[in-house]
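> Just a sequence and a predicted model for now, questions to come.
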Amino acid sequence: MTRSNDFTKYVTDFMGSMPVDNAAMQEAFRTQAQFAEKLSRIALGAAEQSAEIGHKWTRETLSKMAPVATVKEDASDYAKAMTDFASSYAEVSAENMAAFAEVAKKVQTETMEVLMAAGKEAQEDATVAMKKATVQASNAPKRAATAAK
C-alpha cells in the first residue's frame, strides 16, 4: 500500500521562500472588506426597499379584493366588481413596477459609483507600487556593487 506524502513541510518551505509584504496584504484585505461593506450596504438597502414595495403592493391588492368577495344582488355586479378590481390592480401594478424600477436604477448608480471609486483607488495603488519597484530596481545595482566590495 502506498503512503501519501505530507506536503505541509513543502508548502511551508515554499511559502517561506517567497517574500511577502504583510502590511500590503493587510491593506489589501482592509480595502476588500471596505469594498464588500459598501456593496453589501447597497444590496441590503435595495432588498429592504423592495420588501416594503412588495408589502405595500400586497396590502393594496388585498384591500381591493374585498368588494370582489362580497355577496352581490345581481350577477352583473360580480362582473363589475371584477372589472373594477382589474383596472385598479393594473394601476397599482404600474405604480409598484415603477417603484421597483427606481430601486434598481438607484442600485445600479450606487454600484457604479463604488466600482469607479475602487478602480481609481486601485490605479493609485498600482502607481505607488510601480514607483516603489522602479526605485528598488534602480538601486539594486548599487546595492550589489556595495555588497561585492
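Yep, that arrived.
> Kindly provide the whole-number mean pLDDT of the longest helix along the chain.
If you go by DSSP state H, the chain has its longest helix at helix 75-148. Across helix 75-148, pLDDT averages out at 87.
> ok, now stretch 13-26?
Average pLDDT, stretch 13-26: 73.
> okay, how far is it across it, tip to tip?
One end of stretch 13-26 sits 22 Å from the other (CA to CA, to the nearest Å).
> Isn't K38 up against E113?
No: between K38 and E113 there is no contact under CB atoms under 8 Å: 9.1 Å. In short, each C-beta sits where N, CA and C put it, glycine included.
> which one of these two has more residues nearby?
For K38 versus E113, the count of surrounding residues by other CB atoms under 10 Å is larger for K38: 17 against 12.
> Could you tell me the per-residue confidence at the more buried one?
On the pLDDT scale, K38 gets 95.
> What is the neighbour count of the closest residue to T70 other than its chain neighbours?
Of all residues not flanking T70 in the chain, A81 sits nearest, at 7.8 Å (CB to CB, 6 or more residues apart in numbering). The local packing of A81 (other CB under 10 Å) involves 18 other residues.
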